[in-house]
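Engineer: Sequence and predicted structure are below.
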Amino acid sequence: MQSDEDVPQLLPGHGRLGRLALPVGVGLLLLPLIGGGCAATPPAGGPTTRDADVAALRQIRVLIVEDRSCVVAIQGPWRIVDAHGGSLSSSILPASFQVAVPAGQSESILLNGRAVPTGSRILSRTAGTIHVDGRPYGGTLTLLNAADRLRVVNNLDVEQYLPGVLTGELFPHFHPEAYKAQAVAARTYALYQKFAHPKPDYDVTGTTASQVYVGAGSDKAVDAVRATYGRVLTWASPTGEKMFCPYYSSTCGGMTAPVSYLQLVQPIPPLAGGVQCTACAHARYYTWEPVHLSRAEVTRKLRAKYPLFQTIGVIQRIEPLEIAPGGRIMWLQLLDGRGGCIRMRASQFRLTMGPSLLRSTWCRIDNDADGFTFSGGRGFGHGVGMCQFGADGLGQAGWNYKAILAFYYPGSHLTRAY
């Protein structure tokens, strides 16, 4: 999982500063928003108006394709409706067909070359029978033409969505209690993003930009979601109990980081970091080997993502400006040797270099004759919030999911949202 990134900053005296992100502490009032029910399992009996309201609030829109085209395959009866609910003929389409966007036409989507309006939806009468590029999905699909880019959005209940997140985020051998802890964190994250950062077309993506989502989930994931039905994480804010954004990452490396590592915010207690964690010591990247990058490669990657770096020369030195307790670098300054200097959040730098190349910023940076060496590395990911390998280790040690969540999010509460 990644955070929304701030824009890199010129040092004071060199120009504009980066934008401020939404403060994490400004959470969502939970009970009035989601409905405030407290059933541990789905309610029995016939639907009510209240049930319909809660069901609508639980709907999540997941962006699963953003490309020029994809292949959709459907088993069993299905139909297409336009953005207003009117039926479109699907009888002339085969069971498997290509979805694409026509060049220069912003109002249409092509289904095997046949135009339908953007915003059209595919509905299947049998759950779990829609496949997109070979992956099975529940719910329905919305097809959008977004500036000549195809967007396919999976619309479904958050409880149906979560097993696909757990399967995408965790290894199959992880302990069941780690799966349950991940279910609560992922549910809270999805609902928080839906209401705190509303977007016109979708709520979350199916990638590490939000949470990895692979469609239908494993039986182990389904069991964990059912066992934690409706439970979310909250904290006692000065204005009442609120949900917060429960960041998590693969391997903290021994200590969690404060949320200020990712955003320009004052940390709330559950995201203050500093949690000592030895439970992730079995992770492959608890420590990692040195990585060397040339000056040319660093400069090229920075310029490709941030035009601001085109205003200075080739990067000659990288210097830590701020280091969190434990050793994780928070801020960097990058110098071109001619007086040009840009201040940058270390998490941004890592993502730009490649998160699987530079696995964390808990490392030492040496300026070499031909580039930069990152050595003494620990952890994989940003290290904020729950450590996934640590959750597995604690589960193996006998901790239940409630204790795991309380450990990684100190001061948080487990609350039933519905």
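Structural biologist: Structure's in. What do you need?
Engineer: which helices and strands sit right next to the strand or helix carrying R226?
Structural biologist: Using DSSP states H and E, R226 falls within helix 219-227. Using 3 or more Cβ pairs under 8 Å, 6 or more residues apart in numbering; DSSP states H and E as the contact test, the elements touching helix 219-227 are helix 158-169, helix 176-196. Just so you know, the C-beta spots here come from the backbone N, C-alpha and C atoms, and that holds for glycine as well.
Engineer: which parts of the longest one are buried?
Structural biologist: If I follow you right, that is helix 176-196. 177-195 (16 or more other Cβ atoms under 10 Å).
Engineer: got the contact list for the residue nearest the centre of the chain?
Structural biologist: Geometric centre of the chain, nearest residue: S210, 1.7 Å, by Cα atoms, centre = their mean. S210 makes contact with M1, Y189, Q193, V204, according to Cβ atoms under 8 Å, 6 or more residues apart in numbering.
Engineer: out of those, who's nearest A403?
Structural biologist: Proximity of the contacts of S210 to A403 was ranked by Cβ to Cβ; the top entry is Y189 with 20.0 Å.
Engineer: Model confidence score at that closest one, please.
Structural biologist: Listed pLDDT for Y189 reads 98.
Engineer: what about it, distance to F372?
Structural biologist: Using Cβ to Cβ, to the nearest Å, Y189 is found at 33 Å from F372.
Engineer: Please apply the same query to G134.
Structural biologist: Counting by Cβ to Cβ, the gap from G134 to F372 is 40 Å.
Engineer: Helices along the chain, start to end?
Structural biologist: 30-34, 49-57, 158-169, 176-196, 219-227, 295-305, 346-353, 388-396, 401-408 (DSSP state H).
Engineer: and S249, which of these is closest to it?
Structural biologist: helix 388-396 (7.0 Å).
Engineer: ok, M344 touching I329?
Structural biologist: No - counting by Cβ atoms under 8 Å, M344 does not reach I329; the two are 10.6 Å apart.
Engineer: on that earlier part again, for G134 and F372, indicate the residue with more neighbours.
Structural biologist: Neighbours were counted for G134 and for F372 using other Cβ atoms under 10 Å; F372 has more, 21 against 9.
Engineer: Just name the shakiest helix or strand of this structure by mean pLDDT.
Structural biologist: strand 9-10 (a mean of 36; mean pLDDT, DSSP states H and E).
Engineer: neighbours around D53, how many?
Structural biologist: 12.
Engineer: and if you look at the one 4 residues further on?
Structural biologist: Each residue near L57 was counted by other Cβ under 10 Å, and the total is 17.
Engineer: ok so, going back, what angle separates the helix holding R226 from helix 401-408?
Structural biologist: On the basis of axes from the mean of the first three to the mean of the last three Cα atoms, to 10 degrees, helix 219-227 is oriented at 90 degrees to helix 401-408.
Engineer: could I get helix 219-227 in PDB with only the CA atoms?
Structural biologist: Extracted C-alpha coordinates of helix 219-227, given in PDB (Å, rounded to 0.1, in the frame of the first residue of the first chain):
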ATOM      1  CA  ASP A 219     -11.200 -19.900   1.100                       C
ATOM      2  CA  LYS A 220      -8.800 -18.800   3.800                       C
ATOM      3  CA  ALA A 221      -9.400 -15.200   2.900                       C
ATOM      4  CA  VAL A 222     -13.200 -15.700   2.800                       C
ATOM      5  CA  ASP A 223     -13.100 -17.200   6.300                       C
ATOM      6  CA  ALA A 224     -11.100 -14.300   7.700                       C
ATOM      7  CA  VAL A 225     -13.500 -11.700   6.300                       C
ATOM      8  CA  ARG A 226     -16.500 -13.600   7.700                       C
ATOM      9  CA  ALA A 227     -14.900 -13.900  11.100                       C
END
